[in-house]
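In: Quick one, what's the 3D model for this:
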Amino acid sequence: MNATFWLRFKAFVIDYVLILAYLALLLVLSLFLLPSVQEWFKQSLIVAQFAGFIVVTLPVSLYFMISDSAIGRQSFGKKRVGIQVVDKNGAALSLGHSTLRTILKFLPWELSHYFVYRITHVEDGEMPLHHVLTGGLIYILILVYILSAIFTKRKQSLYDLIAKTQVVKISPK
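Out: Modelled structure (predicted):
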């Protein structure tokens, strides 16, 4: 049976607590133990964006890529609520398949990082149209991801539909 939106949301909230703990650890490390890391974010937009990707997005993405694949089977949050990501045939995802799903899932998150880096460098003037469009795309993707997970027959988000995956309830072991 497919997992409801609320089960998926609950699992994501649990996983997000882990992400927040990781971000808090990064903050402490960058403030007290490795303050030189802060300099990476004061460089050019490209260097700052790359540093943010390496330090934040990549580790979080790797967590989901590995834990939602056949290697880990479930993220911590999914394990707690009894759901699992599977392919269209009900089999565990390969690492490559899980990677595709994770990239699609976190596209709005990475676009928002791109957007924030850019708008913090907009001087007193009008925001360029491509920044406005990027900001709009982020919200449209998030809305479509949520609505599709609520209203599709198999409760699949848009990224699940594209990746040909689904989130199902599993029986406790």
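In: contacting residues around residue 116?
Out: For residue 116, the contact set (CB atoms under 8 Å, 6 or more residues apart in numbering) is empty. Any C-beta I mention is one placed from the backbone N, CA and C, and that applies to glycine too.
In: and the host helix or strand of it, which residues are buried?
Out: In the assignment (DSSP states H and E), residue 116 maps to helix 107-119. The neighbour-count check on helix 107-119 (16 or more other CB atoms under 10 Å) flags 107-108, 110-115, 118 as buried.
In: Now that helix: average pLDDT?
Out: Averaged over helix 107-119, pLDDT sits at 85.
In: just to revisit the earlier point, what's the closest of the buried residues of helix 107-119 to residue 160?
Out: residue 107 (13.2 Å; CB to CB).
In: I'd like to know which elements the helix-or-strand element of the chain with minimal mean pLDDT is packed against.
Out: Across the helices and strands of the chain, the lowest-confidence element by mean pLDDT, DSSP states H and E is helix 45-52, at a mean of 82. Packing partners of helix 45-52 (3 or more CB pairs under 8 Å, 6 or more residues apart in numbering; DSSP states H and E): helix 107-119.
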